[in-house]
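Colleague: sharing a model that was predicted from the sequence below.
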Amino acid sequence: MVFLIILTSSIVAWTLLLILLPISAHIGLVDKPCARKQHNGEIPLIGGLAIATSLLSVWLYYFEWNSTLLALVIASSLMVTTGVLDDKFDLSVRLRIVMQILASSIIVFVGGVEISTLGNVLGFGEIELGVLGGIFTVLAIMTAMNAYNMVDGIDGLLGGLSLVAFVGICILSWMAGLAIPFVFALSFVFALIPYLVLNLQTNETKLKKVFMGDAGSMFIGLSIVWILALLTNPALTEAFSLRASVLFDLVESHPIRPVAVLWLITIPLMDMLGIMVRRIVKKQNPFKPDRNHLHHIFMRAGFSSREALLIIVGSAAWWMFVGIWLEAQQIAEPIVLAAYFAVFAIYLLCLKYSWRLVTLVRRFKGIS
């Protein structure tokens, strides 16, 4: 059954990409070069639409329907539609935020999926969120959607960072004996592969390059938090059942500690928060687009976009495995959280003095 799900996810994603490619130009769903977007020609913005449509269809086909799944489908459809309209008409930030709140609220208050505890992160016992759990989860979903939206700046980066997160979820799901999050995450991994093949395409005489678009980044951010909520609260998975049994037996299930999941999205989260802190300090709009993201810094330092991609995705994979190791070793949660904040502090320090680091790297590389 698992093999059928991942195979179907990949095939349907490929098919939809090929179908949407010739249509994108006719409906104006393309990314045009500008001062902030430097690429050759108009690139179809259909990656996210194809991935979301394929996965939602596959999940509805293979899983028994329930209110939690249907809430995910409705919320995802809402965000994908919003993303497509934003890609085409450049919607206002305020409207996008309203739609994010609405979609996140559907996940939480209709689907019943919420983060109910922060774990024992302070060392004084479990921090139960109680009635604040729903609000916290809405904010978490919105944060993830915007983090993955902001990090999408060079070929392969959004897809690569998403791949790291979903592979991490697969590993944690296996460790925790949770089959449902494992299947959701693994199907996402295989749906991303066709997109990455086209997105990283350099020889367009054979295959057309595509971009993810806002539809994809917001669907990815929403899905990651949704699946992570299942990991930290296994009781939520009881509402799910596959139309046929999975082909493997997992050990007795147990929850993953909430602090562990932060490491799976380290780079997108820190990139977004770091940039927003920097903009706020400069009294700028925190949502204003600019060219000061992590990948921009690497490219100003003289790295090619492909080199920057490998360094950033490699770093994300490293921190993902650090988080998994900390969880496997059951390192005390306050220590895990302190380590995460230490990494973030170092990142902010590097961001503050990025111009010096850029100068040093350029000198080392012999670039004037």
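Modeller: In hand now; what should we look at? Numbering: from 1, shown residues only.

Colleague: can you map out the strands along the stretch 51-200 of the chain?
Modeller: With DSSP state E, counting those that start in this stretch, there are no strands along the stretch 51-200 of the chain.

Colleague: helices along the stretch 151-300 of the chain, start to end?
Modeller: With helices called from DSSP state H, counting those that start in this stretch, the stretch 151-300 of the chain shows them at 157-176, 179-199, 213-232, 258-261, 266-281, 294-300.

Colleague: what's the last one packed up against?
Modeller: In other words, helix 294-300. Helices and strands touching helix 294-300, by 3 or more Cβ pairs under 8 Å, 6 or more residues apart in numbering; DSSP states H and E, are helix 305-328, helix 354-364. In short, each C-beta sits where N, CA and C put it, glycine included.

Colleague: buried ones in it?
Modeller: 294-300 (16 or more other Cβ atoms under 10 Å).

Colleague: shaky segments in the stretch 201-350 of the chain?
Modeller: For the stretch 201-350 of the chain, applying pLDDT under 70 flags the ranges 203-207, 243-252.

Colleague: so what's Leu4 closest to, chain neighbours aside?
Modeller: Using Cβ to Cβ, 6 or more residues apart in numbering and skipping the chain neighbours, the partner closest in space to Leu4 is Tyr62 (7.6 Å).

Colleague: against Ser9, how distant is that neighbour?
Modeller: According to Cβ to Cβ, to the nearest Å, Tyr62 and Ser9 sit 9 Å apart.

Colleague: who's more crowded, these two?
Modeller: Neighbour totals were compared for Tyr62 and Ser9, and Ser9 leads with 26 against 18 (other Cβ atoms under 10 Å).

Colleague: hang on, the more buried one packs against Phe190?
Modeller: Yes: with contact defined as Cβ atoms under 8 Å, Ser9 and Phe190 form a contacting pair (4.9 Å).

Colleague: tell me which of the helices and strands packed on helix 294-300 lies nearest to Ala342.
Modeller: For Ala342, the closest of those is helix 305-328, at 11.8 Å, according to Cβ to Cβ.

Colleague: between helix 157-176 and the closest one, find me the angle.
Modeller: 20 degrees (axes from the mean of the first three to the mean of the last three Cα atoms, to 10 degrees).

Colleague: elements contacting helix 305-328?
Modeller: Short answer (3+ Cβ pairs under 8 Å, 6+ apart): helix 305-328 packs on helix 157-176, helix 258-261, helix 266-281, helix 294-300, helix 333-352.

Colleague: now distance to Phe124 too, for these, in TSV please.
Modeller: Output for those, formatted as TSV (distance: least, Cβ to Cβ, whole Å):
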stretch	distance to Phe124
helix 157-176	24
helix 258-261	14
helix 266-281	25
helix 294-300	35
helix 333-352	9
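
Colleague: among the ones you listed, which comes closest to Met320?
Modeller: For these, proximity to Met320 was assessed by Cβ to Cβ; helix 157-176 is nearest, at 4.3 Å.

Colleague: gap between that closest one and the chain center?
Modeller: 9 Å (Cα atoms, centre = their mean, to the nearest Å).

Colleague: now stretch 227-244
Modeller: Centre to centre, stretch against its chain (Cα atoms, centre = their mean), the figure for stretch 227-244 is 19 Å.

Colleague: what residues of that stretch count as buried?
Modeller: In stretch 227-244, counting by 16+ other Cβ under 10 Å, buried: 227-234, 236-237, 239-240.

Colleague: quick one: residues in contact with it.
Modeller: With contacts defined as Cβ atoms under 8 Å, 6 or more residues apart in numbering, stretch 227-244 is touched by 1, 61-64, 66-69, 112-117, 119, 137, 169, 172-173, 176, 178-181, 183-185, 253-258, 261, 264.
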